[in-house]
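Chemist: Pasted the sequence and its predicted model underneath.
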Amino acid sequence: MLIRKIEKFLDQTGMPDTKFGRLAAHDPRLVGDLRNGREPRSAMVRRVEHFMNTFGGTVHAA
């Protein structure tokens, strides 16, 4: 399930969910919407998974 992968990514990087949504899909509400039951289309899943797989930076909460 995509939201589980995203939650794990957010935990590992410390990235805020709105920043993740903006960077991965140009949608700052993405993670919140997925948490509330939004079903992403296959193109969105591929885009978000590609972002997570190629993310090279580290973001950790201060």
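Modeler: Sure thing, it's come through.
Chemist: Ignoring the adjacent residues along the chain, who's closest to residue 35?
Modeler: Take residue 35 and drop its neighbours on the chain: the residue closest to it by CB to CB, 6 or more residues apart in numbering is residue 3, 6.4 Å away. Where you see a C-beta, it was placed from the backbone N, CA and C, and this is true even at glycine.
Chemist: Residue 33 now?
Modeler: Distances taken as CB to CB, 6+ apart place residue 27 nearest to residue 33, at 7.9 Å, with adjacent residues excluded.
Chemist: I'd like to know how many residues surround the one you found.
Modeler: 15 (other CB atoms under 10 Å).
Chemist: so residue 49 sits right up against residue 5, yeah?
Modeler: Yes - Residue 49 is within contact range of residue 5, at 7.1 Å (criterion: CB atoms under 8 Å).
Chemist: Just confirm residue 47 contacts residue 23, I think it does.
Modeler: No - the pair residue 47 / residue 23 is not scored as a contact, 10.8 Å apart, by CB under 8 Å.
Chemist: what's the model's confidence in stretch 19-31, averaged?
Modeler: Summarised as a single mean, pLDDT over stretch 19-31 is 97.
Chemist: Could you list the buried residues of that stretch?
Modeler: 20, 21, 23, 24, 25, 30, 31 (16 or more other CB atoms under 10 Å).
Chemist: So which residues of the protein form helices?
Modeler: Ranges of helices in the chain, per DSSP state H, are 2-13, 17-25, 30-35, 42-54.
Chemist: Phi, psi for residue 55 please.
Modeler: Main-chain dihedrals, residue 55, degrees, to the nearest 10: phi -60, psi 120.
Chemist: same deal with residue 28?
Modeler: Dihedral angles (degrees, to the nearest 10) for residue 28: phi -60, psi -20.
Chemist: now it: how far from residue 52?
Modeler: 17 Å (CB to CB, to the nearest Å).
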